[in-house]
Structures are given as C-alpha cells and as structure tokens.
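>>> output the structure for:
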Amino acid sequence: MIEELKPCPFCGEEGFLEKRELPDRPGAIRFFVCCRNGACHLKVETSLYSEEERAIAAWNMRTDPTRAALVKALKEIRDDGMDARTCMVVATNVLEDAGEL
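A predicted model of the protein is given here:
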C-alpha cells in the first residue's frame, strides 16, 4: 500500500507524485514528488526513484506537518488582510491542535 503524501513543508500545499521517462533510456521510468503549488518559493522536489513508494517516503521524511499547517494558515491570514491579533490566535490554535503548546 502506498502511503499518503504529506504537505510541502515550505508552503503547506499538497505534494504531487510525478513520473518521468529517462531520455537516455527509453522505457526507464523514474518517480519523484514535487510541490503542487506553482507559487511555492522553493520549487521543491525529490530526487528520481525507480519506485513510487521510495519517492513518497523521501518526500514524507522531510516534511514537518505542524510547520506546514502553520505556514499555510499564516499565508491565508496574510492574503485575507487580517490583523496581528487574529494572526496570533490562528497560529496558537494550529500549534495547540498539533500538541505543541
């Protein structure tokens, strides 16, 4: 069973499993995971792997779901133009939900 992709640790958006045929080896398929958010400032992706499961495991190993959830919540607040107090309340709620406070 293939495990679920965790969110991007930098923007909080979901990861996306891609496959690519190697140009110098016709028929040789490799898998990688990247951030689905085209505006993610780091444009992160894993290395190429011969198995889907290994690409997903590599992506998930470096993901901190608490940080990703916090970053996503803060970006939504910023985009909605909320004030600093509301921002602190939302950040506190995210950290409490994750058991970090």
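>>> only C-alpha atoms from now on, for both contacts and neighbour counts.
Will do.
>>> return the helix or strand in this structure with minimum mean pLDDT.
helix 65-80 (a mean of 75; mean pLDDT, DSSP states H and E).
>>> quick one: list the elements packing against the helix or strand following that one.
Sequence order places helix 84-97 as the next helix or strand after helix 65-80, per DSSP states H and E. When contacts are defined as 3 or more C-alpha pairs under 8 Å, 6 or more residues apart in numbering; DSSP states H and E, helix 84-97 packs onto helix 65-80.
>>> name the residues of the helix it packs on that are buried.
65-74, 77 (16 or more other C-alpha atoms under 10 Å).
>>> helices and strands around it, which ones?
By 3+ C-alpha pairs under 8 Å, 6+ apart, helix 65-80 packs against helix 84-97.
>>> got the contact list for the helix it packs on?
66, 69-70, 73-74, 77, 101 (C-alpha atoms under 8 Å, 6 or more residues apart in numbering).
>>> TSV for those residues, including distance to residue 84?
As requested, these are exported to TSV (distance: C-alpha to C-alpha, whole Å):
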residue	distance to residue 84
66	20
69	18
70	15
73	13
74	10
77	9
101	19
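>>> quick one, grab the pLDDT at residue 41.
With respect to pLDDT, residue 41 scores 69.
>>> before we move on, the earlier item: reformat the buried residues of helix 65-80 into CSV and put distance to residue 22 next to each item.
Shown next, in CSV, are the buried residues of helix 65-80 (distance: C-alpha to C-alpha, whole Å):
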residue, distance to residue 22
65, 32
66, 35
67, 34
68, 32
69, 34
70, 37
71, 35
72, 34
73, 38
74, 39
77, 41
